[in-house]
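**Q** predicted structure and sequence below. I'll ask about it afterward.
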Amino acid sequence: MTVNSMSSRFNRWLKRNSPSRESLEGNRWVGFAARRPELWRLTRRSVPRGVAIGLLVGIFALVPGVQMIGAALMCVPTRGHIPLAAAMTFLSNPLTTPFIVGLALEVGSGLGYNSDIRVFRQLYNSSASIGEWLSWLASDAAPGMVVGLAVISCIAAAIGYLVSSFIWTRVVNRRRRRLLADRRNGG
C-alpha cells in the first residue's frame with residue numbers, strides 16, 4: 001500500500017469520524033469556536049497543535065464525551081486544528097484504556113505514589129463492577145494514576161507534535177517539488 005493511498009484513506013476516515021464545523025455551531029459549549037475559521041484550516045502550525053492537544057486530552061481525560069469537548073476548548077486559545085484534535089482523542093478507546101491506565105499506574109508508582117498495580121490487574125481480570133473500580137480509585141490509587149496519566153499524556157503530546165510537524169513538512173515539501181517539476185515540464 002502506498003503512502004498516498006494510506007493518506008487518502010486516513011483523510012476519508014477523518015472526515016467521516018470528525019465533527020463538522022456546522023454540527024458544532026449549534027452546541028452551546030463549543031459553538032463560539034465553530035465560528036472561528038482559523039481553527040478549522042490545515043496549516044503547518046494548527047496541525048501539530050491539534051495533534052498534541054488531542055493526545056494530551058485524550059490520554060489524560062479518558063472519558064469519551066469530555067475528551068472531544070475538552071480538546072475543542074483547548075484548541076481555541078492555542079489555535080489548534082479542532083477536527084484533528086477531536087480525532088486524536090480516539091487513541092484512548094475501550095481497547096487501549098486498560099493499557100493506558102496500567103502504564104499510568106506503573107509511572108505513578110515509579111514516581112513514588114502508592115498505586116498497587118496488582119489490585120488493578122485483579123479488578124480487570126475479574127470484570128469488576130463500577131462500584132469496585134470506584135472504591136479502588138478512592139483508596140490510594142487515584143494520585144498515582146493521575147500523575148501517571150499527566151506524565152504519559154504530556155510525553156505523548158510532545159511526541160505527537162514533533163512527528164506531525166515532521167510529516168507536515170515532508171508532505172508540503174513533496175507537493176512543492178511536484179508542483180515545481182510540473183511547471184518546469186510545461187504541465
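**A** Cool, got the structure.
**Q** doesn't Val119 make contact with Trp136?
**A** Yes - between Trp136 and Val119 there is a contact at 6.0 Å, judged by CB atoms under 8 Å. Every C-beta, even on glycine, is put in place using the N, C-alpha and C of the backbone.
**Q** of these two, who's got more company?
**A** Trp136 (19 against 16; other CB atoms under 10 Å).
**Q** whichever strand or helix holds Ile59 - contacts with which helices or strands?
**A** Using DSSP states H and E, Ile59 falls within helix 46-61. Here helix 46-61 touches helix 64-78, helix 82-88, helix 142-184, going by 3 or more CB pairs under 8 Å, 6 or more residues apart in numbering; DSSP states H and E.
**Q** hey, which of these is tucked in deepest?
**A** helix 82-88 (a mean of 27; mean count of other CB atoms under 10 Å).
**Q** same for that helix, what does it pack against?
**A** Packed next to helix 82-88, using 3+ CB pairs under 8 Å, 6+ apart, are helix 3-17, helix 46-61, helix 64-78.
**Q** so for Ser127, which of the ones you listed sits nearest?
**A** helix 64-78 (19.9 Å; CB to CB).
**Q** residue contacts, Thr169?
**A** Counting by CB atoms under 8 Å, 6 or more residues apart in numbering, Thr169 makes contact with Arg44.
**Q** low-confidence stretches in the protein?
**A** Counting by pLDDT under 70, the ranges of the chain that qualify are 1-4, 6, 18-21, 29-30, 187.
**Q** could you dump the helices and strands packed on helix 82-88 into CSV and include distance to Leu179?
**A** Supplementary listing: the helices and strands packed on helix 82-88 in CSV, determined by distance: least, CB to CB, whole Å:
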stretch, distance to Leu179
helix 3-17, 15
helix 46-61, 20
helix 64-78, 30
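**Q** for Gly186, find the nearest of these.
**A** helix 3-17 (23.3 Å).
**Q** contacts for the very next helix or strand once past that closest one, please.
**A** From helix 3-17 onward toward the C-terminus, using DSSP H and E, the following helix or strand is helix 21-25. With contacts defined as CB under 8 Å, 6+ apart, helix 21-25 is touched by Val30, Gly31, Ala33, Ala34, Arg35, Pro37, Trp40, Ala72, Ile82.
**Q** of the residues you listed, which is the nearest to Gly148?
**A** Among the contacts of helix 21-25, and counting by CB to CB, the member closest to Gly148 is Ala72, at 25.1 Å.
**Q** so that closest one touches Ala85, yeah?
**A** Yes - using CB under 8 Å, Ala72 makes contact with Ala85 at a distance of 6.8 Å.
**Q** now the closest residue to Phe120 other than its chain neighbours: how far from Ala156?
**A** Closest residue to Phe120 apart from its sequence neighbours, by CB to CB, 6 or more residues apart in numbering: Leu105 at 5.7 Å. Leu105 is 16 Å from Ala156, where distance means CB to CB, to the nearest Å.
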